[in-house]
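K.L.:
let me see the structure of the following:
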Amino acid sequence: MARVFVGVGTNVDRERSMRVGLEALKRLDAGLTISNMYESAAIGFDGAHFYNCVVQLDTELTLVALVAELKAIESVSGRDHSNSSCDGKGLDIDVLTYGDWVGCYDGVVLPRPDVTCYAHVLLPLSEIAPQACLPGTQRSYRALWKDFKQPDQRLAVVAF
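P.N.:
You can find the predicted model right below:
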């Protein structure tokens, strides 16, 4: 069984998309842990604000099977994978970590290289797994968040 952290976010029909996505993730692991929901500005393009959270789940699925399930959940929520528009992003579910794996597996880089770059990923990780260490490091998510220096990445907790 692998302990997995996934990042979940959208800036299109945010509340509905997040509810659909989180309900589908519960079917993969009824005991999953969900961080607070955060609203954040789009990064790298002008667009609507995002809702983001991080989910911890335990799975027997292989990485390839898990990624396929996550893509299916994105599609069911209404995400159009053929749309490359930068102003709107349907539900996006990214594997952040898969167990303690470090490296590139079937095209998936683990841990996801930008985990420490975004407040909307690192803060939720520090909430739900403060003592856990980012694979390949000896640094806990709490310590990584404490040292995070991106003051322009403001987050607001969303009542969800």
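K.L.:
now the farthest one out in this protein, which residue is it?
P.N.:
Most distant residue from the mean C-alpha position of the chain: Gln138, 21.2 Å away (CA atoms, centre = their mean).
K.L.:
now the spatially most central residue of the chain: which helix or strand?
P.N.:
The centre of the chain sits closest to Gly7, judged by CA atoms, centre = their mean, with a distance of 0.3 Å. Gly7 is part of strand 2-10, with elements assigned from DSSP states H and E.
K.L.:
what are the buried residues along the next helix-or-strand element following that strand?
P.N.:
Elements were assigned by DSSP H and E; along the chain past strand 2-10, the next helix or strand is helix 14-28. Neighbour-count burial for helix 14-28, counted by 16 or more other CB atoms under 10 Å, picks out 14, 17-18, 20-22, 24-25, 28. For every residue, glycine as well, the C-beta is placed using N, CA and C.
K.L.:
relative to Val109, how far out is the closest residue in space to Asp92 that isn't next to it in sequence?
P.N.:
Once flanking residues are discounted, Asp92 sits nearest to Gly9: 5.3 Å by CB to CB, 6 or more residues apart in numbering. Distance, Gly9 to Val109, by CB to CB, to the nearest Å: 18 Å.
K.L.:
comparing the two, which residue is more hemmed in?
P.N.:
Counting neighbours by other CB atoms under 10 Å for Gly9 and for Val109 shows that Gly9 has the greater number, 25 against 13.
K.L.:
what about the residue farthest from the centre of the chain, distance to Ala2?
P.N.:
In this view, Gln138 and Ala2 are 21 Å apart by CB to CB.
K.L.:
nothing else from me, thank you.
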